[in-house]
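J.: One predicted model, sequence on top.
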Amino acid sequence: MKQVLRTVRIVLLLSFAFVLAGCGLFGGAERERQQDNVQISEGVELGRVVTAEGVGQDNAPVQVTDRFNASQDFIYVVAEADYIEQGTSLFARWYRDGEPFEDSSEITANQDYSNTYIEFHLENLENRMEEGEYSVQLFVNGNPVESVDFTVE
């Protein structure tokens, strides 16, 4: 009987140690993912991201809104960029009703930038954009970072 109890205790202790080791392994994987995400966005510090009817000096947003008329010529997404490191690439992906339908041209910083604006735009080529729910997501070095929702009425 003592031998059975001893075996049960050993099995329980080993099981507990295995569970703790597994938690440590998964926690390590999470730390690696967090470090990867830091590296993905390293070299870029973005501030506020908005949609607007236009852009002004230095690509600053003009007439910030999240509602657009279906006949709007352009819809802009503008990000405040506190810092962008040379070599960093960015683009915007546009979604309608949750489905991607267009990617903007990718741009790559040819030098370090600070305190500026980054803009991408969607052009209404047929002069009648479909009404619905839209969003636009910014990508840094191929990885999604910020998104903003808007409506076309």
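T.: Thanks, I have it.

J.: And the pLDDT at His121?
T.: At His121 the predicted local distance difference test score is 97.

J.: wait, Ser41
T.: The model reports Ser41 with a pLDDT of 60.

J.: Next: Arg128.
T.: Reading off the per-residue confidence, Arg128 sits at a pLDDT of 67.

J.: what's the closest non-adjacent residue to Leu46?
T.: The shortest distance from Leu46 to any residue other than its chain neighbours is 5.0 Å, reached at Ala79 (Cβ to Cβ, 6 or more residues apart in numbering). Glycine gets a C-beta too; all of them are placed from N, C-alpha and C.

J.: Bridge partners for that neighbour, pull those for me.
T.: Here Ala79 sits in beta bridges with Val49, Ile118, going by DSSP bridges.

J.: And for Val44?
T.: In this structure, Val44 has the following beta-bridge partners (DSSP bridges): Ile84.

J.: picking up where we left off before, from memory the residue nearest to Leu46 sits against Glu45, does it?
T.: No. Using Cβ atoms under 8 Å, Ala79 is not in contact with Glu45; the gap is 10.4 Å.

J.: Can you pick out the residue with more neighbours from those two?
T.: Taking neighbours as other Cβ atoms under 10 Å, Ala79 and Glu45 compare with Ala79 leading, 26 against 13.

J.: SS state for Asp58?
T.: When states are read from DSSP: H, G, I helix; E, B strand; the rest coil, the local structure at Asp58 comes out as helix.

J.: Spit out the contact partners of it.
T.: 116-117 (Cβ atoms under 8 Å, 6 or more residues apart in numbering).

J.: Ala70 contacts Glu153, doesn't it?
T.: Yes. Counting by Cβ under 8 Å, Ala70 does reach Glu153; the two are 6.6 Å apart.

J.: Which one of these two is surrounded by more residues?
T.: Ala70 (13 against 10).

J.: how about the more buried one, secondary structure?
T.: Under the three-state scheme (three-state DSSP), the conformation of Ala70 reads as coil.

J.: Number the residues from 2 up from this point.
T.: Noted, 2 is the first residue going forward, which turns the last one into Ala71.

J.: what about it, distance to Tyr114?
T.: 34 Å (Cβ to Cβ, to the nearest Å).

J.: can you check Phe69 too?
T.: To Tyr114, Phe69 is 28 Å away according to Cβ to Cβ.

J.: The two: which is more packed in?
T.: Higher neighbour count among Phe69 and Tyr114: Phe69, with 21 against 17, using other Cβ under 10 Å.
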